[in-house]
Each structure stands twice: as structure tokens, then as C-alpha cells.
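S.K.: Fold the following and give me the result.
(2 chains)
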Amino acid sequence: MSGAVGFLVFFLTYAVVYGILALGLNIQWGFTGLVNFGVAGFFAVGAYIAAFMTGTPSPYHLGGFGLPFPVGLLIAMGVSGIFALILGFPVIRLREDYLAIVTIGFAEIVRLIIVTEKNITKGPYGMGVIKPYKDLVPASYYSLLYLGIALLVLAILYVAMERAVRSPWGRALRTLREDERVAIAFGKNVNSFKLQVLVLGSMIFGLAGAVFGHFFNFITPNHFLPMETFLVWVMVMAGGSGNNIGVLLGALAVRGLWEGMMFLSDVLPRGIQIGAIRLAVIGLLLVLVVMVKPEGILGEKKTASDILGE
Amino acid sequence: MQLIVNGILMGAIISIGAVGLTLVSRILHFFYFGYAAMLVYGAYLTMTLFNDVGLPLLPSVLISLPLLSLLAILIDKITFKNLRERGTGPFGMMVVGIGLELFLRSSVRLLWGSDVMRYDLPIRRAIVFPFNVRITPNQLVIISAAFALMILLHVFLDQTKIGKAMRATADNIDLARVRGIDTERVITWTWVIASISAGFAGFFLALDTRLVPIMGWKLLLPLFAAVILGGVGNPYGALAGGMIIGISQEVSAGFITPTYKPAVAFVIMTITLLIKPSGLFGRGGQG
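M.R.: Presented below is the predicted three-dimensional model:
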């Protein structure tokens, strides 16, 4: 494949990974109003667990259990969910701003563990991740195949999420987002619902991590900095919290902006760091979304019955 | 012994920083992540005045503080004042604060570069105290200056009219308003105190270690832990909380891998939130 097509495939696969993350955060924040600033932590757990599961045996890190790719994905989701359960069980009843600080702290601790426990993760050196199904197609077409796999994962997830939010369960989530007291009055156990959503969303982050690792084929603790969390937040808030198509478009647009800023290096004077500019732009976006368009570009679709009217 | 002394040093730095953060959290009603960037700006402005302009160290710090205050107040006027008038909730404010943190931290990288820097000071040998405790002259300066600052802060909050108004607003903003306190003026003063607090904490941290744009973010978790442990809005609680967090972090290095120091702050903070969200000293605690 030519350079331009290759870059496009790379860009789209990356966007799909963030699309998965955005769907996960949308079920938590968008539909339930649950604050989770620890996205990067669960993303990391998923990436590393999947890498251990599908990898070939190695004395330098945990595992290499050689399991099939889909099994790796499922185990990554399961372990991320267990992490969410352990974290969430005590802290889920905290007020949202405290929950924000606790989850961000959690993600930092996960990263610290990955950096420190070199025997398990190879620490800051990073570890390789296999290319699943690489014998199916010629090497030059492999990235296209993987984009297809990633898209398939995203599509299945999208359909599942759309069904979930339209179910009675999804309605209960929106109720407790709008007013917890109403949900309580209807006999819903608010903390139990929040915990379910924390676990489900975090499993999706874990899934994204697994898809990311097998796409990048190399993971280091630096792939899971707190900035990744806020990147996903920008996607969800700008795209339209509570709208799955909105957050997917948000993921595509923000990724596009992120990659697009690379071309700034041709225009800007030498020595200006693109990394710093990227981060500054993401920061500005967060400020602008809240100040100018808190409901996001698409906003939430009305889900009430048409008979009720506006 | 050495670990405890390191702990007191770290505790002094965290305490000084936590006072400003606790007042901002309480009076502005949200947790301001951009506070980390204020620390970094304080340290770097001081560096420019000292290394490049060539002023002596103390005047460099003292001139950086009004600059930092102006920047903080300007940011408040552009962003948070609008949000306050619109009635944006604490979460929206917090997200804006995170955006500002990312933006300001990057601006430090663009203005000063990402390289590790330090103040142009001669490296002096550590003084050896009984029990083989080693303290560098810089560290002695930090500890004594931190305690002097704590006393000054106490005098300000306890004796001056605006200090009392700040404590009253931190205690109960509605009651303060009813009693005729101009809360916008209190907020302006809160930014001034926060700048002094953050500026000194940033300077101390940079003096003890090095200057890097990420230094503020790395101190943010211990700072929040100190604020929550001391009770949000309680400046004396923040001082005590800062000491407890600092000492626990450093002493923990005697038992576990030192890279896990931030985890100690995290665990203490989470336990506080679960058992007594109002902090060690009871009152306050509603952010």
C-alpha cells in the first residue's frame, strides 16, 4: 500500500480504538452521569492483560500464554471489569468531584505499577504484542485486515450499546443521571446501577486497550498517560454526551485534529514542540466545550414518546 | 531518622501548597486542577528572574508572586467568573480547570522548553546532624521559610479583615453573603493567597529538586490528599494534612519501593473519603 493509504488506515484504526473508548465513557458519563477520570488506567489494564494472554512465552514478562486473539480480548475485558469492581465497590457512593480525584489517582497508580513491576510488564522498556491472524493475508495488506477486525469489534459494541441504552436498564440509567431521587423513588438501587455501569464501561476500556495493543504491537506505560483520559473526555463532551453516533464522530474528529496538527511542524518555526501544542489544543477544547457548547455538537437524541411532543 | 526529616521537608512543601488549594476548592466550590500549573509557573517565573534577569533569589520569588496572582485573576475573569454567573456546576468548573491545566502546562513547555532545569545556585554539601541525618542548606531554608510562611498565613487569616472574610466565606458562603461580605472581592483575594501558596510551594519544590513542566501535576495528588485529609476549606487542616501526607510518603520508602510514594497519598486520601469525608478536623468537607 502506498504511504497515503497506509497513513489513512493507521489513522482510522487509531480512531476506532478511541471510538471504543468513547462508547465506554458515553455509557458511564453520557447516559449515567458517572464521572470516571481513570479511563487511561483501565485502557492500560486491558492492553497489558491481552498482551500477556496472546503473547508467546517470555522470561522477561508475565505470560505469553499463546491464547487466541478473541480469548485475549475477553480476558482483558474481564480483568478490567474486576479492577473496576474492586475500585468501585468502596468508592461508588462518593460525590462526583471526589470520584473524579479518586479515579484519576487510580489510573496513576496503575501506571506506577506498570512502570515499577519490571518482572511482569518490562516496565518503561515496554513490551511487544503479537499481530493476530497475520498469516491470513500478505504482510503489506495486514494493516487493512486489522482495521477490519477493529471495525468489527466497534460495530458489535455499537449495536450492543444502542440496545442497552434503549432497554429498561438504559432508561433507569438516564433517570438516575437526571435526578437520583427520582430513581430512588422508583425503587432503583442507585449505587448498584452505578457500579454496574462503572464495571461495564471499564470492561469496554479494557477491550479498547486490547485492540490498541494488538494494533500498535508495542506498549509502554507512556501510552497510558492521564492525557489519554482527557482526550476521550473531549471526544465525548464535544461529540455530544448521551449520543453514541455523536461520540464516535467526536472520536474521529479529535483524532483527526490530533494527527492533523502533525502537519503544523512544516509551518511552525523549528524547535516548537508539536506535543505541547497538541496538549494545549486539547486543553483549550475542554475549556471551550464547557463554556460555549456544554451539550456537545450533536447533543442527546430525544427519547421520550412522540405523543408527549416537545 | 533521615526518612522522617525527608518527610518533614516534603510535608512542608505540600502543606504550603495545600493551603491555597483548600481555600480555592472551598470558596470557588470546585477542585481546581489548574492549581498544578500555578505551582509550575511560580517556579519558572522565579527561575527567569533569578537565572536570566539576574536578581537575587528572594526578590525573584517575591516579584514572581504578583505576576502569578495577576495571571490567576485574569484567568478567573475570562473563565470561571462567566461560569459562576451562569450557574455552571462544580463538575463543569472542574473540567475547565483540567483544560486550563493542560493548556498552561503546555505553555510552560513552549515558553521554557521541556528540558530539566535548575536554579543557578552553587551546589553545597549537606550538613551532617546527629543520627547521621543529612540536610542540605537549601533544605534548611525551605523548612524554616515554610514554617515562617505558615505563621504569616495564620496572622493574615486570623487578624486581617479580608482574612476573616475569607474564612467566613470558606465556612459558609451564603451566610457570608448575607452578612454583607463582597464574595467577588473575597474570590479575588483567594486567588492572591492561592498564588502565594502555589508560588512558594513550586519554588520550594524546584529548589529541592529540579524544574520540569510536569512537576506540578506530580504534586497534585499529594496536595489533594492533604486538602481532603485536613477537611476541604480548612487552612489549618491543610497544613496538618500536608505534614501527615509528606511524612507518610517519605517514611513509606523505608518499607516499599520508593516509586510507590504517590500510592501512599492515594490510599490515605481514599480511606479519609470513605471513613470521614469531612476530614480529620470535622467541619467543612462539602467542597
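
S.K.: The host helix or strand of A:G81 - contacts with which helices or strands?
M.R.: Assigned by DSSP states H and E, A:G81 falls within helix A:69-91. Contacts defined by 3 or more Cβ pairs under 8 Å, 6 or more residues apart in numbering or on different chains; DSSP states H and E place helix A:69-91 against helix A:39-54, helix A:96-116, helix A:190-216, helix B:261-275. All C-beta atoms are positioned from the backbone trio N, CA, C, and that covers glycine.

S.K.: Pick the most buried one from the ones you listed.
M.R.: When neighbours are counted by mean count of other Cβ atoms under 10 Å in any protein chain shown, the highest per-stretch mean among those falls to helix A:39-54, a mean of 29.

S.K.: which stretches of the stretch 151-300 of chain A form helices?
M.R.: Applying DSSP state H, counting those that start in this stretch to the stretch 151-300 of chain A gives helices spanning A:168-178, A:180-185, A:190-216, A:226-239, A:244-260, A:264-267, A:274-292.

S.K.: no no, the stretch 151-287 of chain B
M.R.: Going by DSSP H, counting those that start in this stretch, the stretch 151-287 of chain B shows helices at B:161-171, B:173-178, B:183-208, B:215-230, B:235-252, B:261-275.

S.K.: Please name whichever of those is nearest to chain A.
M.R.: Minimum separation from chain A across the helices of the stretch 151-287 of chain B (Cβ to the nearest Cβ) falls at helix B:261-275, 4.2 Å.

S.K.: now the closest one: mean pLDDT?
M.R.: Averaged over helix B:261-275, pLDDT sits at 92.

S.K.: what about it and chain A, any contact?
M.R.: Yes - Helix B:261-275 lies within reach of chain A by Cβ under 8 Å from any Cβ of the partner chain, at B:P262, B:A263, B:A265, B:F266, B:M269, B:T270, B:L273, B:L274.

S.K.: Mind putting these into JSON lines with distance to B:M215?
M.R.: Written out in JSON lines, the entries for the residues of helix B:261-275 next to chain A read as follows (distance: Cβ to Cβ, whole Å):
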{"residue": "B:P262", "distance to B:M215": "13"}
{"residue": "B:A263", "distance to B:M215": "18"}
{"residue": "B:A265", "distance to B:M215": "15"}
{"residue": "B:F266", "distance to B:M215": "18"}
{"residue": "B:M269", "distance to B:M215": "20"}
{"residue": "B:T270", "distance to B:M215": "24"}
{"residue": "B:L273", "distance to B:M215": "25"}
{"residue": "B:L274", "distance to B:M215": "29"}
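
S.K.: And the lowest mean pLDDT element among the helices and strands of chain A?
M.R.: helix A:264-267 (a mean of 75; mean pLDDT, DSSP states H and E).

S.K.: Worst mean pLDDT among the helices of the stretch 151-300 of chain A?
M.R.: helix A:264-267 (a mean of 75).

S.K.: For B:N132, which of the helices of the stretch 151-300 of chain A is the nearest?
M.R.: helix A:226-239 (38.6 Å; Cβ to Cβ).

S.K.: ok, and what's touching that closest one?
M.R.: A:18, A:21-22, A:25-26, A:29-30, A:37-40, A:43, A:104, A:107-108, A:246-251, A:253-254, A:258, A:279, A:282, A:285-286, A:289-290, A:293-294, A:296-298, B:95, B:98-99, B:102, B:217 (Cβ atoms under 8 Å, 6 or more residues apart in numbering or on different chains).

S.K.: Which among the residues you listed count as buried?
M.R.: Applying 16 or more other Cβ atoms under 10 Å in any protein chain shown to the contacts of helix A:226-239, the neighbour count classes A:18, A:21-22, A:25-26, A:29-30, A:37-40, A:43, A:104, A:107-108, A:246-251, A:253-254, A:258, A:279, A:282, A:285-286, A:289-290, A:296, A:298, B:95, B:98-99, B:102, B:217 as buried.

S.K.: Closest residue of the stretch 101-250 of chain A to chain B?
M.R.: Per Cβ to the nearest Cβ, A:G105 is where the stretch 101-250 of chain A lies closest to chain B, at 4.2 Å.

S.K.: For residue 183, which non-adjacent residue is spatially closest?
M.R.: You didn't pick a chain, so chain A it is. In space, and not counting its chain neighbours, A:A183 is closest to A:L176: 3.7 Å by Cβ to Cβ, 6 or more residues apart in numbering or on different chains.

S.K.: think we crossed wires, I meant chain B
M.R.: B:R177 is the one closest to B:T183 (Cβ to Cβ, 6+ apart), at 5.6 Å.

S.K.: hang on, B:S195 packs against B:D76?
M.R.: No - the pair B:S195 / B:D76 is not scored as a contact, 11.0 Å apart, by Cβ atoms under 8 Å.

S.K.: neighbour-wise, which of those two wins?
M.R.: B:S195 (25 against 21; other Cβ atoms under 10 Å in any protein chain shown).

S.K.: pLDDT wise, what is B:R283 at?
M.R.: 55.

S.K.: An error on my part: the question was meant for B:G7.
M.R.: pLDDT, B:G7: 93.

S.K.: now the one 10 residues further on
M.R.: The predicted local distance difference test score for B:G17 is 95.
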